[in-house]
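1. Next input, structure requested:
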Amino acid sequence: MKKIIGIIMAAAAVTLATACQDGVTTQTSGASSMSNSTTAAVPGSTTAAAPGSATAAVPGSAQPPVTPQSPGATQPAGDNAPATAGNGRCVDLKSAGVTAALGTLGPGVGGDGFYADSGTDASVGACPAILWVLAGTPHGTASSPWHVMLFNHAGYLGTATKKSTSYTQVVGSSDRSVRVQYRWLTGKDASCCPSGGPVIVTLTLGADDRTVTPDRDFPTEVIDPSSASLPPVCPVTKAVLLEALRDTDIESRLATPIELEDRIDCAGEWAMAHTGTHNNTVNRAQVLFHYVAADGGWKPVDLGSALHCTELGVPVDVADKICH
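-> All right, here's what the predicted structure looks like:
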């Protein structure tokens, strides 16, 4: 399920719907959580607002506006340059706009704030509609937390996820989207070498230039790292998956009586079952299942003769194991 990323308005009295990581949409006045939470300047504004800093605020908290560049700070080149610009670049990591946004993230590991590690690499005059900055932990290790900060030309929109995440990279961007790769530790992984994922989430800026929408759910292991330490859900039996099919749309698409083959491929939180028997391959079809603890266990995802697993959210390493 796609979740709409809420945008925090810089105007104090405006109320917007926000989309949280748990998928629950709430109403907050002047503040929002971004999944999924982002913040924005006043619609249509092309300049920074009064002192303060727009950020992904804690639900219910007040939201100050974007900090303007002070005299002597690195200035954008031209009236049409983004608020993050400086020294001819669309994103100057030392600009007042980026610095103010970093200050809203709060302390990281060890109590230090975050720093701007990298950002959109484009020159003023060819700036994309959505801009990004990857914020890291000073003197961090491989597993230290990161934030992906998002901006439009008017200012700071917010962070890709409400909480900071480890093993996070921006792996690509276009005029209106940013692609973020997530990984996580599983089992007995050393902190240097996560085996969970990779999962790439594409964040797209809407036509209003304020709303940002992910193309898929963020991995549970990323937004709730404690879930990665839960007992393994594989292997899974036919009986469990048949019960998961009960009263679902996918059940109604299957010929009855429903039969699943003995072999069920299972890895991570995903399982692939096959309908029919080994002696009846004519109507043999794949049924993809996903284990979602928050929804009570296994859920059918899709049915078909040849499913494209990665397009359905299956991590590449898992797809290699269960999708044939």
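
2. Can you pull out the low-pLDDT segments for the stretch 101-250 of the chain?
-> 110, 226-232 (pLDDT under 70).

3. Show me where it has its helices.
-> 220-223, 238-245, 249-252 (DSSP state H, counting those that start in this stretch).

4. Highest mean neighbour count out of those helices?
-> Of all the helices of the stretch 101-250 of the chain, helix 220-223 has the most neighbours on average by mean count of other Cβ atoms under 10 Å, namely a mean of 22. C-beta here means a position set from N, CA and C on the backbone, and glycine is covered the same way.

5. how about the helices of the stretch 101-250 of the chain in TSV, adding distance to G155?
-> Shown next, in TSV, are the helices of the stretch 101-250 of the chain (distance: least, Cβ to Cβ, whole Å):
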stretch	distance to G155
helix 220-223	25
helix 238-245	45
helix 249-252	43
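
6. And those: which comes nearest T84?
-> When the helices of the stretch 101-250 of the chain are compared for distance to T84 using Cβ to Cβ, the nearest one is helix 220-223, at 25.5 Å.

7. Render the CA-only coordinates of the closest one in CSV, please.
-> Coordinates of each C-alpha in helix 220-223 appear next as CSV, following Å, rounded to 0.1, in the frame of the first residue of the first chain:
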residue,chain,number,x,y,z
THR,A,220,9.3,-3.1,8.4
GLU,A,221,12.9,-4.0,9.4
VAL,A,222,13.9,-0.4,8.6
ILE,A,223,11.1,1.5,10.3
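
8. Tell me the helices and strands packed up against it.
-> Helix 220-223 is packed against strand 177-184, strand 196-205, with contacts defined by 3 or more Cβ pairs under 8 Å, 6 or more residues apart in numbering; DSSP states H and E.

9. wait, which of those is closest to D215?
-> Closest among these, once you apply Cβ to Cβ, is strand 196-205, at 4.4 Å.

10. Quick check: neighbours of the closest one in the sheet, parallel or antiparallel?
-> Strand pairing for strand 196-205, determined by DSSP bridges: strand 177-184 (antiparallel), strand 212-214 (antiparallel).

11. Need those strands in TSV (columns: distance to L131 and mean neighbour count).
-> Formatted as TSV, the strands paired with strand 196-205 follow (distance: least, Cβ to Cβ, whole Å; neighbours: other Cβ atoms under 10 Å):
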stretch	distance to L131	mean neighbour count
strand 177-184	9	21
strand 212-214	12	22
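
12. out of the ones you listed, nearest to A160?
-> Closest of the strands paired with strand 196-205 to A160 is strand 177-184, at 5.7 Å (criterion: Cβ to Cβ).

13. burial measure for A81, as a count.
-> For A81, the neighbour count with other Cβ atoms under 10 Å is 20.

14. scratch that, L205
-> Other residues near L205 number 24, with proximity taken as other Cβ under 10 Å.

15. Can you name the residues that contact it?
-> A129, I130, N152, R176, S177, T211, V212 (Cβ atoms under 8 Å, 6 or more residues apart in numbering).

16. what's the nearest residue to it if we skip its chain neighbours?
-> Residue nearest to L205 in three dimensions, not counting chain neighbours: I130, with 4.1 Å by Cβ to Cβ, 6 or more residues apart in numbering.

17. Contacts only, for the one you found.
-> By Cβ under 8 Å, 6+ apart, the residues touching I130 are 150-152, 157, 173, 175-178, 203-205, 212.

18. Can you redo the residues you listed as JSON lines, where the extra columns are distance to L260?
-> Listed next are the contacts of I130 as JSON lines, based on distance: Cβ to Cβ, whole Å:
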{"residue": "L150", "distance to L260": "43"}
{"residue": "F151", "distance to L260": "49"}
{"residue": "N152", "distance to L260": "49"}
{"residue": "L157", "distance to L260": "45"}
{"residue": "S173", "distance to L260": "42"}
{"residue": "D175", "distance to L260": "45"}
{"residue": "R176", "distance to L260": "42"}
{"residue": "S177", "distance to L260": "38"}
{"residue": "V178", "distance to L260": "40"}
{"residue": "L203", "distance to L260": "37"}
{"residue": "T204", "distance to L260": "37"}
{"residue": "L205", "distance to L260": "43"}
{"residue": "V212", "distance to L260": "40"}
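
19. how much space between H274 and R284?
-> 6 Å (Cβ to Cβ, to the nearest Å).

20. nope, G313 is what I meant
-> 23 Å.

21. and if you look at C266?
-> In this view, C266 and R284 are 18 Å apart by Cβ to Cβ.

22. more neighbours, these two?
-> Neighbours per residue (other Cβ under 10 Å) separate C266 from R284, with C266 holding more: 22 against 13.

23. How about the secondary structure of that one?
-> strand (DSSP: H, G, I helix; E, B strand; the rest coil).

24. In contact with the spatially closest residue to it that is not a sequence neighbour, which residues?
-> For C266, ignoring the flanking residues on the chain, the nearest one in space by Cβ to Cβ, 6+ apart is C234 at 3.7 Å. Counting by Cβ under 8 Å, 6+ apart, C234 touches C266, A267, G268, A271.
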